[in-house]
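Undergrad: Pasting the sequence and the predicted model now:
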Amino acid sequence: MNIKRAKEEIKNTIEAYLLKDELGEYVIPSIRQRPVLLIGPPGVGKTQIMEQIARECEIGLVAYTITHHTRQSAVGLPFIEKKAYGGRTYSVTEYTMSEIVASVYDRMEETGLTEGILFLDEINCVSETLAPAMLQFLQCKTFGTHRLPQGWILVAAGNPPEYNKSVRDFDVVTLDRVKRMDVEPDFGVWKEYAKSRAIHPAILSYLGIKPANFCQVETDVDGKRFATPRGWEDLSQFLLVYEKLGKKPDREVVGEYIQHPRIAKDFANYLEIYYKYQDAYRVEEILKGNFDESLCDKAARAPFDEGFGLTGLLLSGLENGFRSHRENGQVMELLLERMKACREEILGDAPACRNPWEVLEAQGRELEAFRVQRKESGLLTRLQDRVYRRTEERLSAWADGLRAGELQGESAWQFLRERFMEASDGYEAGKEENGARLEHAFDFMEAAFGRGQQMVIFVTELNTSQGALEFLNEYDCERYYQYNKELLFDAQEQEIKSRIEKTRSGS
């Protein structure tokens, strides 16, 4: 299965394991809650989906790479305890609490989340001394004499032996006590994720042309050669920062992340051409509507790879705007909630015990406390954190305006209403600007490519972009619906794939 399906299956498993009956007992008792065992190549996203699952299910997460542990840190240290049996006192060996189990209790205390996931990575690469204890943990959910708390689900992950020479096989007794899921890399699924994470457009367009280079692990006389999804994502982050610093990476920089010499060289060459396209076509100017017939003719005469790369650049420019618009919309929703919350205290019949600016400051502090708590619990994404911070800043600025004017009652509310309407007008202006950019993109695509393959790719990519679909739900773009209706995607996609495959093979 691919990583998206694995995520859905794990979420379903968690929902089933955490279901309680009318007496508050788990319907599936802990002893029958089989640990989930994810087996898949390195970098395919096993750890990342655990973070996503914990946030979406709003439960705790404790993650360990088990190869970093010794038997003592996992099981605990022995000590002598006196116990009485049959009227006689004996010295008995007990163990301190496992560091891993203790961290689960610590997490519960820190976050207030009584249910969660304990994720153990590289489970099949443990040392020989720790292996028996790990098998016991998989089978019984106990380290030494200490059991994983009820409501905490065990998920383990490992690599197949072809990717890691340290892998040890599990016996049938152990495998018969876990829910095993074998995960394979899937570029289509990763592409959906990559768009939501703003992966560098050069990487997306390159892998769109050469998807076989998305995940490769090979062994020859010179050792391991590999390109993994994790490598592409980390390279993307580095490229984006490099560009902000005004730097351009070379083959050696790419090879630090994509440790497959042939693929690293190929992508480095493509990246150089990509930057050339970026400079030659001035994509931001196209999206502003500043292009002429000569530029359209140049694109029309360009080789397929160049047209494909240009289409990717246009889509990336649009995606940035869609993402910003979505973030602004979430800020507006939070502001509206806070405005409703403070209206009664400012305009209510009962005399206010606080000045209006103090009411607004209290709303900001409440929002900040909620954000910090969610962030410390691991339930907040970076985007959500930005949305909360921006909302807090806006509330603080409005409170300063109220204080400076010493506004009270109806005057204070009118001031806040005007500030909110200004923000709303800005949001609507942003929507119109993004709509205009989309229309300009269609203008250029029509002039340069007509209803050709590049237009098919352009509309298809809009259909697979969550940001684009959310924006198009607000903005009525007639040509988007027109091309969706007119273009025969099934037939033309096969032609595109055939063309891409020929390009990839050099024929």
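TA: Perfect, I can see it now. Numbering: from 1, shown residues only.

Undergrad: ok, which stretches of this protein are strands?
TA: 36-39, 60-65, 78-85, 88-95, 116-121, 142-143, 146-147, 152-158, 179-182, 216-220, 223-227 (DSSP state E).

Undergrad: Nearest to Arg389, out of the ones you listed?
TA: strand 60-65 (22.7 Å; C-beta to C-beta). All C-beta spots, glycine's among them, are computed from the backbone N, C-alpha and C.

Undergrad: buried set for that closest one?
TA: Neighbour-count burial for strand 60-65, counted by 16 or more other C-beta atoms under 10 Å, picks out Gly60, Leu61, Val62, Ala63, Tyr64.

Undergrad: between the residues you listed, which is nearest Glu361?
TA: Nearest to Glu361 out of the buried residues of strand 60-65 is Gly60 (C-beta to C-beta; 31.4 Å).

Undergrad: For the closest residue to that closest one other than its chain neighbours, give the beta-bridge partners.
TA: Excluding the flanking residues, the one nearest Gly60 by C-beta to C-beta, 6 or more residues apart in numbering is Gly116, at 2.9 Å. When assigned by DSSP bridges, Gly116 has beta-bridge partners Gly60, Trp152.

Undergrad: Is it correct that Gly116 is in contact with Val62?
TA: Yes. Using C-beta atoms under 8 Å, Gly116 makes contact with Val62 at a distance of 6.8 Å.

Undergrad: Give me the common contacts of those two.
TA: Val104, Arg107 (C-beta atoms under 8 Å, 6 or more residues apart in numbering).

Undergrad: For Gln136, give its distance to Pro35.
TA: Look at Gln136 and Pro35: by C-beta to C-beta, to the nearest Å, they are 12 Å apart.

Undergrad: More neighbours: those two, which one.
TA: Pro35 (22 against 15; other C-beta atoms under 10 Å).

Undergrad: For the more buried one, give its distance to Gly144.
TA: Going from Pro35 to Gly144 by C-beta to C-beta gives 18 Å.

Undergrad: How about Ala156?
TA: Distance from Ala156 to Gly144, by C-beta to C-beta: 18 Å.

Undergrad: Please name the nearest non-neighbouring residue to Arg390.
TA: Nearest residue to Arg390, sequence neighbours excluded (C-beta to C-beta, 6+ apart): Val331, at 5.1 Å.

Undergrad: what sits against the one you found?
TA: Residues in contact with Val331, defined by C-beta under 8 Å, 6+ apart, are Val387, Arg390, Thr391, Arg394, Ala423.

Undergrad: From Arg55, how far out is it?
TA: From Val331 to Arg55 the distance is 20 Å (C-beta to C-beta).

Undergrad: same question, Asn463
TA: Going from Asn463 to Arg55 by C-beta to C-beta gives 26 Å.

Undergrad: The two: which is more packed in?
TA: Legend: neighbour count by other C-beta under 10 Å for Asn463 and Arg55, higher for Arg55 (17 against 14).

Undergrad: pretty sure that one is touching Leu379, no?
TA: Yes. Counting by C-beta under 8 Å, Arg55 touches Leu379, with 5.1 Å between them.

Undergrad: residue boundaries of the helices in the stretch 351-500 of the chain?
TA: For the stretch 351-500 of the chain, helices defined by DSSP state H, counting those that start in this stretch occupy the ranges 356-376, 382-405, 409-449, 453-463, 466-474, 478-486, 489-505.

Undergrad: quick one: Glu115 and Pro161, what's the gap?
TA: Glu115 is 34 Å from Pro161, by C-beta to C-beta.

Undergrad: and what of Arg177?
TA: Going from Arg177 to Pro161 by C-beta to C-beta gives 21 Å.

Undergrad: repeat for Arg197
TA: Taking C-beta to C-beta as the criterion, Arg197 is separated from Pro161 by 30 Å.

Undergrad: Repeat that for Pro35.
TA: Plainly put, Pro35 is 20 Å away from Pro161 if you go by C-beta to C-beta.

Undergrad: re the thing from before, just say which of the helices of the stretch 351-500 of the chain is most tucked in.
TA: helix 453-463 (a mean of 20; mean count of other C-beta atoms under 10 Å).

Undergrad: so who does Ile14 touch?
TA: Ile14 is in contact with Ile53, Cys57, Ile59, Ile117, Ile153, counting by C-beta under 8 Å, 6+ apart.

Undergrad: how does it look with 10 Å?
TA: Contacts for Ile14 (C-beta atoms under 10 Å, 6 or more residues apart in numbering) come out as Gln33, Val36, Ile53, Ala54, Glu56, Cys57, Ile59, Glu115, Gly116, Ile117, Ile153, Val155.

Undergrad: out of those residues, what pair is the most spread apart?
TA: Across the contacts of Ile14 (C-beta to C-beta), the longest gap, 19.5 Å, separates Gln33 and Glu56.

Undergrad: on that earlier part again, can you tell me which of the contacts of Ile14 is closest to Phe322?
TA: Glu56 (21.8 Å).

Undergrad: Measure how buried that closest one is and give me the count.
TA: Glu56 has 13 nearby residues by other C-beta under 10 Å.

Undergrad: distance of it from Lys191?
TA: 20 Å.

Undergrad: One more: Leu347?
TA: Per C-beta to C-beta, Leu347 is found 50 Å from Lys191.

Undergrad: before we move on, what about Leu154?
TA: The gap separating Leu154 from Lys191 is 31 Å, by C-beta to C-beta.

Undergrad: And for Phe304?
TA: 19 Å.

Undergrad: what's the answer for Lys210, then?
TA: Lys210 is 13 Å from Lys191, by C-beta to C-beta.

Undergrad: what's the answer for Cys296, then?
TA: Per C-beta to C-beta, Cys296 is found 28 Å from Lys191.

Undergrad: cool, and Arg354?
TA: For Arg354, the distance to Lys191 equals 51 Å [C-beta to C-beta].

Undergrad: Have a look at the two and say which one is more surrounded.
TA: Lys191 (18 against 13).

Undergrad: My read is that that one contacts Pro201, right?
TA: No. Using C-beta atoms under 10 Å, Lys191 is not in contact with Pro201; the gap is 11.8 Å.

Undergrad: comparing the helices of the stretch 351-500 of the chain, which gets the lowest mean pLDDT score?
TA: Mean pLDDT across the helices of the stretch 351-500 of the chain is lowest at helix 489-505; the value there is a mean of 50.

Undergrad: thinking again about what came up before, out of the helices of the stretch 351-500 of the chain, which gets nearest to Glu22?
TA: Closest among those, once you apply C-beta to C-beta, is helix 356-376, at 30.6 Å.

Undergrad: In terms of secondary structure, what does the closest one contact?
TA: helix 99-111, helix 304-347, helix 382-405, helix 409-449 (3 or more C-beta pairs under 10 Å, 6 or more residues apart in numbering; DSSP states H and E).

Undergrad: how about these in CSV, adding distance to Trp232?
TA: Converted to CSV, the helices and strands packed on helix 356-376 look like this (distance: least, C-beta to C-beta, whole Å):
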stretch, distance to Trp232
helix 99-111, 31
helix 304-347, 15
helix 382-405, 19
helix 409-449, 26
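
Undergrad: any idea how far the residue of the chain positioned farthest from its centre is from Ile80?
TA: Relative to the C-alpha centroid of the chain, counting by C-alpha atoms, centre = their mean, Gly87 is the outermost residue, at 60.1 Å. The gap separating Gly87 from Ile80 is 20 Å, by C-beta to C-beta.

Undergrad: Would you quantify the distance from the spatially most central residue of the chain to Asn320?
TA: With distances taken as C-alpha atoms, centre = their mean, the residue of the chain nearest its centroid is Arg197 (5.9 Å). When distance is defined by C-beta to C-beta, Arg197 is 13 Å away from Asn320.
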